[in-house]
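Undergrad: Dropping a prediction and its sequence here:
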Amino acid sequence: MERLVSSWCHDGALPQSYICPPETRPGKLTIPSDDNIPVINLGEASINRNNTIINVLKASQEFGCFQVVNHGVSEKLLNDTMNVVAEFFGMPMEDKASLYSEDPNKVCRLYTSKTNYGTGKYHFWRDVLKHPCHQLEACTKLWPRKPTRYRDVIGTFSVEAKKLGLTILELLCEGLGLESRYFEDDLSGALFLVANHYPPCPDPSLTLGLPKHCDPNLITILLQGTVHGLQVFKDGQWIGVQPLPNALVVNIGLQLRIVSNNKLKSSEHRVVTNSKTTRTTVGLFISSCDDNIIEPAKSLTSAAEPPLYRPFRYREFLSYYYSTMGDTELALQPFKVSI
Ligand SMILES: O=C(O)CCC(=O)C(=O)O
Ligand SMILES: [Fe+2]
């Protein structure tokens, strides 16, 4: 529990074990968060669906990341979600102690840095609460009891964000030429909430909230709030994802890259810290069920475009992914077909 950044970060200095190696340090560079990351108005889908499909497809092919506005998740629910998560992290340590665990297999867990604090060479400036959201009735019992409206608000957010995820997947299916319900059921059957808390950091140039990675799952819907921090790596450069009012960030995960046979890209992203403001973000990770088979969709492959990956169980991929410390190509290697 005393490892949580929020429990000791007021001391003022950046411990040596949080200093990233020179090649991954963000440095002093102020990275422009410009208009590069596409912003898609999903409300237009009801007027000109084809145009929305083209925009979503293009953003997923070029960036693997985009923002959506007019997405149907209400402003009130976004605010409630952000507030209840910020309230959770703001509670006294004794109210959170029962959730803290260094066991990655604990179902609902409060931890720090990345998946496994103990084995990392150095640590990341992040505390995180993670829990499943599929089979809501059974799993809400494991979620935090406090704040008292946590279960209610996060339950609703998980349902609404999943709906949005499926809507985006449907648009992508239509754009790719896949049956529009391709990802419903088992391929999107697992849901995880990841609530990130990045306290103000004494030296943002030396450390990261999260190192460069692709999300391993199908698609991620992220509420990033009003504080800068998320950056996407594109064409050898980091691009800041501008916080926009009521927008949600969408990341294409590796599972979707694989099923699309590399027609879609997974964004490589990282999180930088800042010295002034606490940053809170809430991600809903839509994933395949663990035992499900993942493989390139048959209708997207042909003799001319053979499958680039072999079929495998999602569970097998996940455990390998976590052992590769964010190196995407290494994580995909055993699943690629050698041509
Ligand atoms: O907090 C953020 O902005 C992004 C978090 C993220 O990339 C993740 O949890 O995988
Ligand atoms: Fe991520």
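TA: Right, received. Where do you want to start? Residues are numbered from 1 along each chain as shown. Ligands and ions are numbered 1, 2, ... in the order given.
Undergrad: Check the chain for its longest helix and report it.
TA: Counting residues, the longest helix found in the chain (DSSP state H) is helix 150-176.
Undergrad: my read is residue 212 is in a strand, agree?
TA: Yes - counting by DSSP: H, G, I helix; E, B strand; the rest coil, residue 212 falls inside a strand.
Undergrad: close to ligand 1, is stretch 314-321?
TA: No - between stretch 314-321 and ligand 1, judged by Cβ under 6 Å from any ligand atom, nothing touches; the nearest distance is 12.0 Å. Placement of C-beta: from N, CA and C, glycine included.
Undergrad: Okay, buried residues for that stretch please.
TA: By 16 or more other Cβ atoms under 10 Å, the buried positions in stretch 314-321 come out as 314, 317, 318, 320, 321.
Undergrad: Could you check stretch 52-66 and say which residues are buried?
TA: With burial defined by 16+ other Cβ under 10 Å, the residues of stretch 52-66 counted as buried are 52, 53, 55, 56, 57, 59, 60, 61, 63, 64, 65, 66.
Undergrad: Put the alpha carbons of that stretch into PDB.
TA: The C-alpha trace of stretch 52-66 is given here as PDB (Å, rounded to 0.1, in the frame of the first residue of the first chain):
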ATOM      1  CA  THR A  52     -18.800   8.400 -40.800                       C
ATOM      2  CA  ILE A  53     -17.700   4.900 -41.800                       C
ATOM      3  CA  ILE A  54     -15.000   6.400 -44.100                       C
ATOM      4  CA  ASN A  55     -13.700   8.700 -41.200                       C
ATOM      5  CA  VAL A  56     -13.600   5.900 -38.600                       C
ATOM      6  CA  LEU A  57     -11.900   3.500 -41.000                       C
ATOM      7  CA  LYS A  58      -9.300   6.000 -42.100                       C
ATOM      8  CA  ALA A  59      -8.500   7.100 -38.500                       C
ATOM      9  CA  SER A  60      -8.100   3.400 -37.500                       C
ATOM     10  CA  GLN A  61      -5.900   2.700 -40.500                       C
ATOM     11  CA  GLU A  62      -3.700   5.700 -40.100                       C
ATOM     12  CA  PHE A  63      -3.600   6.400 -36.400                       C
ATOM     13  CA  GLY A  64      -5.200   3.500 -34.600                       C
ATOM     14  CA  CYS A  65      -6.500   6.200 -32.300                       C
ATOM     15  CA  PHE A  66      -9.200   8.900 -32.600                       C
END
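Undergrad: how about the helices in the stretch 101-250 of the chain?
TA: 136-140, 150-176 (DSSP state H, counting those that start in this stretch).
Undergrad: Would you mind naming what in this structure lies close to ligand 1?
TA: Residues of the chain lying near ligand 1 (Cβ under 6 Å from any ligand atom): 194, 196, 210, 215, 222, 224, 229, 230, 269, 271, 281, 283.
Undergrad: so of those residues, which ones are in strands?
TA: Counted as lying in strands by DSSP state E, out of the residues of the chain next to ligand 1, are 194, 196, 210, 222, 230, 269, 271, 281, 283.
Undergrad: how about the first one, what does it touch?
TA: The reference is to residue 194. When contacts are counted by Cβ atoms under 8 Å, 6 or more residues apart in numbering, residue 194 is found next to 128, 129, 130, 282, 283, 285.
Undergrad: Can you read off the pLDDT for it?
TA: On pLDDT, residue 194 comes in at 98.
Undergrad: From residue 276, how far out is it?
TA: Taking Cβ to Cβ, to the nearest Å as the measure, residue 194 falls 24 Å from residue 276.
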